[in-house]
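Peer 1: have a look at this prediction, sequence included:
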Amino acid sequence: MKIQMSNRDEFTDKIKSVLYERVGGICSNPNCNHVTSGPHTDSEKRASIGVAAHITAASEGGPRYNKTLTSKERAATENGIWLCNSCATLIDKDAERYSVEKLKAWKKRAEERQLMRLEMAADFAEDRKLLETASRFIADVRQWVEIYFDQSELMDSYKEIWGSLHSLLAKYNYDKKYRYGGDFKSLREGLKGDFYKEESLTIIEDYINNSCQSGVYDNSEYRRFGTFLREAIDKADKDMRPYYYKIKESKERLVIGNKDYQYLRMISKNSEKLLNAVNSLYDKANSIDQSYMIYDEKGRAKYKDDIERIIADIEYYVGNNICDYDN
């Protein structure tokens with residue numbers, strides 16, 4: 001039996017895929033916009049109600065046939081449009097109403113719409129990355145501020161007792177050099193308790209200001225008190241060190257090579273307000289030197305308020321997308 005060959009200039013599977021993907025699998029009829037594919041119960045298949053339709057007919061006698069086209073041109077991407085099955089049937093039922101010009105206009109509009117979807121998706125992804133980056137950086141700053149303010153009062157008391165003990169050591173060395181007497185036994189016993197209580201500071205201050213500079217010089221008591229005093233200073237150093245390094249390390253994580261900060265600077269280069277806010281936050285966090293000189297409660301409160309205000313600015317500028325991603 002002789003096999004009859006088709007005279008239709010059909011699209012290849014590759015052309016069909018291109019037509020489908022250029023409009024995101026959505027029907028190109030602007031009055032339809034139906035999604036044309038979805039999952040099948042068979043995991044290896046998809047359910048489809050779409051078709052790659054010919055703008056000018058695939059064979060002579062078909063709707064909108066153009067005899068000037070070659071077979072290659074009839075089967076090319078330029079002569080195809082992606083439609084749902086219903087719209088594909090519709091355009092062929094009334095070729096006069098659905099002219100070549102109208103179908104090409106549909107196709108152009110559908111592709112432009114899909115391009116817009118892609119660009120919006122890209123912008124959304126960039127926005128989401130910006131939001132996530134800003135959130136991480138702000139979280140780092142807040143963690144550092146919390147650590148700083150949680151530990152700052154302890155640091156103040158440690159530094160105060162540490163300073164008082166060193167002042168006492170200086171007075172002790174002076175008295176020893178000039179062999180001035182004093183009740184070092186009572187002083188030692190008075191300080192044996194908690195160094196970080198107010199009474200200890202008062203005892204030290206009273207001795208430094210009011211101790212007699214005459215009297216019996218007890219060499220053994222001087223030596224005993226000197227040993228006790230140096231041990232007390234070592235203990236104060238040891239007590240203070242963990243908090244000091246905890247604050248220092250949290251600050252270094254924030255201000256040394258912070259990738260989130262670098263990304264925010266890069267993405268906000270065309271947004272002066274956002275860039276200024278990011279830099280202000282970075283500078284504010286970096287402005288506290290390692291000796292932590294903000295001791296008074298009023299100064300700490302103002303610093304914390306400044307941080308919160310700058311964070312609010314960053315969240316506002318990021319949330320309102322005041323960045324130009326094109327440059």
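Peer 2: Arrived safely, thanks for sending.

Peer 1: in terms of contact, does V35 touch I26 like I think?
Peer 2: Yes: judged on CB atoms under 8 Å, V35 makes contact with I26 at a distance of 5.9 Å. No exception for glycine: its C-beta is placed from N, CA and C like everyone else's.

Peer 1: who has more neighbours out of the two?
Peer 2: I26 (21 against 12; other CB atoms under 10 Å).

Peer 1: which non-adjacent residue is nearest Q114?
Peer 2: Nearest non-adjacent residue to Q114, counting by CB to CB, 6 or more residues apart in numbering: G24, 4.7 Å away.

Peer 1: helix, strand or coil for the one you found?
Peer 2: coil (DSSP: H, G, I helix; E, B strand; the rest coil).

Peer 1: and the gap between it and L83?
Peer 2: Note on G24: its distance to L83, by CB to CB, to the nearest Å, is 13 Å.

Peer 1: cool, and K14?
Peer 2: Taken as CB to CB, the span from K14 to L83 is 19 Å.

Peer 1: more crowded one of the two?
Peer 2: The neighbour count for K14 versus L83, taken as other CB under 10 Å, is higher for L83 (29 against 9).

Peer 1: right, and the helix or strand after the helix or strand where the more buried one lies?
Peer 2: Counting by DSSP states H and E, the element that carries L83 is strand 80-84. The helix or strand immediately downstream of strand 80-84 is helix 85-93, counting by DSSP H and E.

Peer 1: would you mark the buried spots in that next one?
Peer 2: The neighbour-count check on helix 85-93 (16 or more other CB atoms under 10 Å) flags 87-88, 91 as buried.

Peer 1: which secondary structure elements does it contact?
Peer 2: Packing contacts for helix 85-93, counted by 3 or more CB pairs under 8 Å, 6 or more residues apart in numbering; DSSP states H and E, involve strand 50-54.

Peer 1: what's downstream of the strand it packs on, the next helix or strand?
Peer 2: Next along from strand 50-54, by DSSP H and E: helix 71-74.

Peer 1: ok, and what's touching that following helix?
Peer 2: Helix 71-74 has contacts (CB atoms under 8 Å, 6 or more residues apart in numbering) with 9, 54, 56-58, 66, 79.

Peer 1: unless I'm mixing things up, Y65 is touching H54, no?
Peer 2: No: look at Y65 against H54 with CB under 8 Å: they stay out of range, at 9.2 Å.

Peer 1: returning to what we had before: for the residue nearest to Q114, give me the pLDDT.
Peer 2: G24 is assigned 89 on the pLDDT scale.

Peer 1: give the burial count for the spatially closest residue to T56 that is not a sequence neighbour, as a bare number.
Peer 2: Excluding the flanking residues, the one nearest T56 by CB to CB, 6+ apart is N66, at 4.2 Å. N66 has 12 neighbouring residues, counting by other CB under 10 Å.
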